[in-house]
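Enquirer: Sequence and predicted structure are below.
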Amino acid sequence: MKSMKALAAAAISVVVLASLGACGTTDEPDKTSGSKDSSSSSSNSHPSAYDVSGIKKDDAIAALVPKSVSEDGKFTVGMETTYAPGEFVGEDGKTPMGFDVDLSNAIAQVIGLKPEMASAAFDAIIPAIGSKYDAGISSFTITKEREQAVDFVSSFKAGTAFAVQKGNPKKLKDSDLCGSKIGVQTGTMEEQDADKLAKDCKAQGKKDIEVQSYKLQTDAATAVMTGKIDVFYADSQVTGYAIKQTEGKLEQLGKDSDVVLQGIAIKKGDQQMTNAMQKAMQKLIDDGTYGKIMEHWGVQSGMIDKAEINPEVAD
């Protein structure tokens, strides 16, 4: 939820994993074929890209794409590649990875264009949609303010979530964490929320919450696995990815909370492109590809079942 977090949560590699390669934010496209075999073995800490090469072009949907987009044969997507597992740079220091990258590749297959991921500063993407980028797919929270600048097609729902050791050995409840040790990343909204929970426990005369802040999400997740703290608290997709990467050592506590919609940003008023994106998204949802991509990255709790154009959202 990039609009809602102080993203020191950038370049997240969850659990005891090798650090990501250095990544700058350039406006140069990183070409990806979207055809890497998701089942092949790899020495990378992260999953390989989900294989979308079998997706066939949908002629009816492709016909909706305006010539201004299709004439060069490319589908250029702007994204800020420092937010795993949504979009980040792989361990080679240059290849875009993540569920938004896989989703972009899948959409490109549906509309019959070659995908190109262009890494850019987060706040520079929306102003350049329609000129540099055909779409922005970068964990954009859909807000009324942003809907004044671009059109959106919903693609994901994100919130916050807790994780504990597998089996929840301390029998914690997400509704009452008083007396526990909570790990968060420094500078995030979760850190502020955890501090508020601690104050509430004290005001109620209950056992104190001990909030421990870490520079990296990696360290907070590891601290739960080793028993140094009791609870890991982060964005729901980050928590889900941590659980997947620990291979059963962590589990989610309770359900996602503070859920908001995220979406694909498209040039404002470009009805053809907006319709093409909506239909491509819905096709991927309906045929199961979308769900497989989300499960591949451990973020199935954020799945949606309907792609909507400019959905109604809270202020």
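Expert: Arrived safely, thanks for sending.
Enquirer: per-residue pLDDT, Cys23?
Expert: Model confidence at Cys23, given as pLDDT, is 29.
Enquirer: Kindly report the same for Gly187.
Expert: pLDDT for Gly187: 82.
Enquirer: how deep is it tucked in, by neighbour count?
Expert: The number of residues packed around Gly187, counting by other CB atoms under 10 Å, is 15. In short, each C-beta sits where N, CA and C put it, glycine included.
Enquirer: Assign it to helix, strand or coil.
Expert: coil (DSSP: H, G, I helix; E, B strand; the rest coil).
Enquirer: Next one: it from Asp235, what distance?
Expert: Distance check for Gly187 against Asp235: by CB to CB, to the nearest Å, it reads 13 Å.
Enquirer: what does Phe140 give?
Expert: From Phe140 over to Asp235 the distance is 14 Å, taken as CB to CB.
Enquirer: Compare those two and say which is more crowded by neighbours.
Expert: A direct count of neighbours by other CB under 10 Å for Phe140 and Asp235 places Asp235 higher, at 32 against 26.
Enquirer: Test my guess that that one contacts Ala158.
Expert: Yes. Asp235 is within contact range of Ala158, at 6.2 Å (criterion: CB atoms under 8 Å).
Enquirer: Give me the residue at the spatial middle of the protein.
Expert: With distances taken as CA atoms, centre = their mean, Gly86 lies nearest the centre of the chain, 3.1 Å away.
Enquirer: Could you pull up the contacting residues of that one?
Expert: Contacts of Gly86 were listed using CB atoms under 8 Å, 6 or more residues apart in numbering, and they are 98-100, 138-139, 237.
Enquirer: What ranges in this protein fall below the confidence cut-off?
Expert: For the chain, residues meeting the criterion pLDDT under 70 lie at 1-45.
Enquirer: can you rerun that using 50?
Expert: Counting by pLDDT under 50, the chain contains low-confidence residues at 3-29, 31-44.
Enquirer: Quick one: the helices in it, in order.
Expert: Counting by DSSP state H, the chain forms helices over residues 59-62, 67-70, 99-111, 122-125, 144-147, 189-203, 217-225, 236-245, 271-286, 289-296, given from the N-terminal end onward.
Enquirer: Check what contacts the fourth one and list those residues.
Expert: Helix 122-125 has contacts (CB under 8 Å, 6+ apart) with 2, 78-80, 133, 136, 138, 265.
Enquirer: how many neighbours does Asp58 have?
Expert: Each residue near Asp58 was counted by other CB under 10 Å, and the total is 17.
Enquirer: Roughly how far does it sit from Val153?
Expert: Distance, Asp58 to Val153, using CB to CB: 16 Å.
Enquirer: try Gln109
Expert: Look at Gln109 and Val153: by CB to CB, they are 17 Å apart.
Enquirer: Settle it for me: which of these two has more neighbours?
Expert: Residue environment comparison for Gln109 versus Val153 gives the larger neighbour count to Val153, 27 against 24, counting by other CB under 10 Å.
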